[in-house]
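> With the sequence up front, the predicted model follows.
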Amino acid sequence: MRKYFAIIIIVLLVSVLFWTKPIKKFIPLSPPNITITYNQNKIETAKGDYTWCDKDSVGSSNLAADNPMGLVKNLKTTSVKKGEEIKFTFNPLWKQPNITTVDLVISGIGLKKQIVNKNSFNAPKEKGEYIFLIFSSWDEGHSIAYVFKINVI
């Protein structure tokens, strides 16, 4: 009896391992959350504009959000040291975005591109409060923007 139980457990474990590998080829079914961290501490984010269409473009989700300044109004500000690394990740089980950009939001002026190192970028080198917008796109029908704010000390 123990022998059969052990075989069943092994078969189940192998099945789960093979099941999670193919899922990485698929785009998430709904707009995913992003995890943004500084020194392993999570930074609070808000979802901005997004477009999320199913394969046949029959059902889709579109959200035209408030401007970045309005979205971050109620978010907690995270303190970050000058020039330190800020990391961002998506659920690793799903397909990762093809394009991810990080922009500094400058009030009344627009966006300033930041240098992205795979899944991270560096905080500004001057003290102050900053708002960032991360835009990620999987394909033409799947894109989303996230905003967050930091206080550089």
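Here it is on my side, so go on.
> all strands for the protein, in order.
35-38, 41-43, 46-53, 60-63, 78-80, 85-89, 99-106, 110-113, 120-122, 128-139, 142-152 (DSSP state E).
> Identify the residues contacting the residue nearest the centre of the chain.
For the chain, residue 34 is the residue whose C-alpha lies nearest the centre (CA atoms, centre = their mean; 2.7 Å). Taking CB atoms under 8 Å, 6 or more residues apart in numbering, we find residue 34 in contact with 45, 88-90, 134, 136, 146. For glycine as for every other residue, the C-beta is placed from the backbone atoms N, C-alpha and C.
> rewinding a little: okay, the strands of the chain, which one's buried deepest?
Neighbour counts (mean count of other CB atoms under 10 Å) averaged over each of those peak at strand 142-152, with a mean of 21.
> Now do residue 110 against residue 104, distance only.
Counting by CB to CB, to the nearest Å, the gap from residue 110 to residue 104 is 10 Å.
> show me what contacts residue 107?
With CB under 8 Å, 6+ apart, residue 107 has these contacts: residue 69.
> What backbone torsions are found at it?
Geometry field for residue 107 lists phi and psi as phi -60, psi 130, criterion degrees, to the nearest 10.
> circling back to that earlier point, let me know which of the strands of the chain is the nearest to residue 11.
strand 85-89 (31.5 Å; CB to CB).
> For the closest one, which outside residues touch it?
So strand 85-89 is contacted by 34-38, 43, 80, 100, 102, 119-123, 134, 150 (CB under 8 Å, 6+ apart).
> Mind picking the two most distant members of the residues you listed?
Going by CB to CB, the pair spanning the contacts of strand 85-89 furthest: 80 and 100, at 19.2 Å.
> picking up where we left off before, a markdown table for the contacts of residue 34, including distance to residue 72 and pLDDT?
As requested, these are exported to a markdown table (distance: CB to CB, whole Å; pLDDT from 0 to 100):
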| residue | distance to residue 72 | pLDDT |
| --- | --- | --- |
| 45 | 9 | 98 |
| 88 | 16 | 98 |
| 89 | 20 | 98 |
| 90 | 20 | 96 |
| 134 | 12 | 98 |
| 136 | 18 | 97 |
| 146 | 10 | 98 |
